[in-house]
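>>> What follows is a predicted protein model with its sequence.
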Amino acid sequence: MSRTVAAPTRRGPTPRRRRQLTYIGIGVAAVAGVVALFVFGPSKSAPPDVISTLPAQVPAPQIPAPISDEAKRIAVQFLETAVARKNLAQAWDLVGPNLRGGLTRKQWLTGNNPVVPYPISVLDVAPFKVDQSFRDSALLEVALIPKQGSGIKSQDFYLGLVKVGHGTSARWVVDNWVPRSSALLPRN
C-alpha cells in the first residue's frame with residue numbers, strides 16, 4: 001500500500017522574499033526622497049539684484065543734547081502720579097501711547113495699567129542718572145530707595161522720555177517704565 005504525502009503549502013512569502021521586498025521598498029523610498037528634494041527643495045537660481053526700487057529709509061541721526069528741565073519735571077510728576085497710583089487723570093496726560101498700551105482713558109483711570117507701581121509714600125530718595133539724552137528723547141535710570149525700616153525693597157527702573165508734537169505744541173511724555181533687574185543666582 002502506498003501512501004502519498006502531500007507537500008506542505010506555504011502561506012505568505014519566504015523570509016528571503018520578505019528581505020528582498022524590504023530592500024526594494026527602501027530603495028523606492030530613497031529615490032522618491034531624492035526626487036522630492038529636487039522638485040520641492042531650495043532654488044539654485046541667484047537672488048534678484050534689485051529687491052526694491054524704493055529709496056532706503058535712513059533714520060534721522062540722534063542729536064545729543066542735555067536733558068531739559070521740562071523732561072525732568074515730567075519724570076518727577078510721573079513718579080508722583082502714575083507710579084504712586086495717585087491722580088491718574090494727570091498721569092494719563094504725562095504718558096505716551098507706547099506706555100498707555102492701547103488702553104482708553106477710562107481703563108487707565110481704574111489703576112489697572114502697565115505702569116509698575118511703587119509705594120512712593122515710603123521713599124527716602126529717588127536719585128536718577130541720565131543714560132542717554134537727545135533733543136527728542138532721553139533715558140534715565142531711577143533708583144527708588146525707601147526709608148530705613150519701611151520693609152520695602154529698593155528698586156531701580158529705566159524711565160524713557162520722548163518729545164511728541166511739533167513746534168510750540170511739542171511736549172515731553174514718559175514712553176517707557178521698566179524695572180531694572182538682575183538674574184538671581186542660586187546659592188550653593
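Cool, got the structure.

>>> that's a strand at residue 102, yeah?
No. Using DSSP: H, G, I helix; E, B strand; the rest coil, the assignment for residue 102 is coil, not a strand.

>>> pLDDT wise, what is it at?
pLDDT, residue 102: 89.

>>> Name all residues that make contact with it.
With CB atoms under 8 Å, 6 or more residues apart in numbering as the criterion, no residue contacts residue 102. Backbone N, C-alpha and C define where each C-beta goes, glycine included.

>>> What distance do you get for it to residue 116?
The spacing between residue 102 and residue 116, counted by CB to CB, to the nearest Å, is 17 Å.

>>> And residue 15, by the same measure?
72 Å.

>>> do residue 50 as well
47 Å.

>>> Which one of the two is surrounded by more residues?
residue 116 (12 against 5; other CB atoms under 10 Å).

>>> Check the secondary structure at the more buried one for me.
Residue 116 ends up coil, using three-state DSSP.

>>> For it, which residues are in contact?
Contacts of residue 116 (CB under 8 Å, 6+ apart): 83, 157, 177-179.

>>> can you rerun that using 6 Å?
Applying CB atoms under 6 Å, 6 or more residues apart in numbering, we find residue 116 in contact with residue 179.

>>> quick one, phi/psi of it?
Torsion angles at residue 116 (phi, psi; degrees, to the nearest 10) stand at phi -70, psi 120.

>>> same thing with residue 167?
According to degrees, to the nearest 10, residue 167 has phi 60, psi -130.

>>> Can you get me a residue count around it?
The tally of other residues near residue 167 (other CB under 10 Å) stands at 5.

>>> Kindly report the same for residue 144.
Number of residues near residue 144 (other CB under 10 Å) recorded here: 23.

>>> Likewise for residue 158?
Residue 158 has 14 nearby residues by other CB under 10 Å.

>>> same thing with the one 10 residues further on?
Using other CB under 10 Å, residue 168 has 6 other residues around it.

>>> Any figure for the gap between it and residue 80?
Residue 168 is 26 Å from residue 80, by CB to CB.

>>> Which helix or strand contains residue 161?
strand 155-164 (DSSP states H and E).
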